[in-house]
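Participant: need a 3D model of the sequence below.
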Amino acid sequence: MDMTIFHEVQKLRRNGACTVTFPVGVFLIGFFGWFMTARFLFGKQVTRPPIGNGALGLLGSFMILLGVFLLLTFFAGKMVTEVRESGVYLDYFPLAKRHIPADRIIHCSPITYRPLKDYGGWGIRGGKKRRVYSVSGNRGGLLEIQGGTVMIGSTRPDELAVAVEKIAGKHG
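Facilitator: Model (predicted):
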């Protein structure tokens with residue numbers, strides 16, 4: 001059985017860029033919902049120059065789905081970090097999931113960082129060699145893994161680092 005050694009849930013904060021997602025999501029759903037209702041239920045041409053039914057249907061459906069995704073992110077967005085015997089598991093709902101196998105972890109240390117200057121802000125950032133998963137704050141655990149680094153934002157970075165070191169030591 002894969003025992004959980006560390007578990008942390010961080011919810012997206014309702015400030016800054018995250019707060020923009022709510023009004024933008026509501027706007028997209030309302031605006032494109034109105035356009036599509038006017039066209040497809042009442043047969044009104046509401047754009048100049050006219051947009052074809054197919055184009056409006058595709059664009060409107062995409063924008064409404066984007067609005068729903070933004071609202072889902074605003075209300076249910078969270079990052080769950082788990083350290084298990086088999087590795088580190090990240091669930092940045094609704095955007096991404098990642099598993100870092102224990103045998104790929106070299107070292108983990110707690111860090112204090114400057115989110116904007118060091119990583120360009122919060123969220124999921126970086127590329128293959130340097131990846132960041134951060135919800136808020138300026139603390140986290142910096143994992144050195146085969147092929148690069150992964151910084152995981154945490155409100156309990158010391159506990160995270162101890163847990164990761166524990167599983168890395170079994171495989172390293």
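
Participant: need the contact list for residue 38.
Facilitator: 44, 46 (C-beta atoms under 8 Å, 6 or more residues apart in numbering). For every residue, glycine as well, the C-beta is placed using N, CA and C.

Participant: quick one: which helix or strand includes it?
Facilitator: Element membership for residue 38, per DSSP states H and E: helix 17-40.

Participant: rounded mean pLDDT for that helix, please.
Facilitator: When pLDDT is averaged over helix 17-40, the result is 87.

Participant: only alpha carbons, please: show that helix as PDB.
Facilitator: Provided in PDB are the C-alpha atoms of helix 17-40 (Å, rounded to 0.1, in the frame of the first residue of the first chain):
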ATOM      1  CA  ALA A  17      -5.400  37.900 -11.100                       C
ATOM      2  CA  CYS A  18      -7.700  35.200  -9.700                       C
ATOM      3  CA  THR A  19     -10.400  37.800  -9.000                       C
ATOM      4  CA  VAL A  20     -10.400  38.700 -12.700                       C
ATOM      5  CA  THR A  21     -11.500  35.200 -13.600                       C
ATOM      6  CA  PHE A  22     -15.000  35.700 -12.100                       C
ATOM      7  CA  PRO A  23     -16.200  38.800 -13.900                       C
ATOM      8  CA  VAL A  24     -14.500  37.600 -17.200                       C
ATOM      9  CA  GLY A  25     -16.200  34.200 -16.900                       C
ATOM     10  CA  VAL A  26     -19.600  35.800 -16.200                       C
ATOM     11  CA  PHE A  27     -19.200  38.300 -19.100                       C
ATOM     12  CA  LEU A  28     -18.200  35.500 -21.600                       C
ATOM     13  CA  ILE A  29     -21.200  33.400 -20.600                       C
ATOM     14  CA  GLY A  30     -23.700  36.300 -20.600                       C
ATOM     15  CA  PHE A  31     -22.400  38.100 -23.700                       C
ATOM     16  CA  PHE A  32     -22.100  35.000 -26.000                       C
ATOM     17  CA  GLY A  33     -25.200  33.400 -24.500                       C
ATOM     18  CA  TRP A  34     -27.100  36.500 -25.500                       C
ATOM     19  CA  PHE A  35     -25.700  36.500 -29.000                       C
ATOM     20  CA  MET A  36     -26.500  32.900 -29.500                       C
ATOM     21  CA  THR A  37     -30.000  33.200 -28.000                       C
ATOM     22  CA  ALA A  38     -30.800  36.200 -30.200                       C
ATOM     23  CA  ARG A  39     -29.600  34.400 -33.300                       C
ATOM     24  CA  PHE A  40     -30.700  30.800 -32.900                       C
END
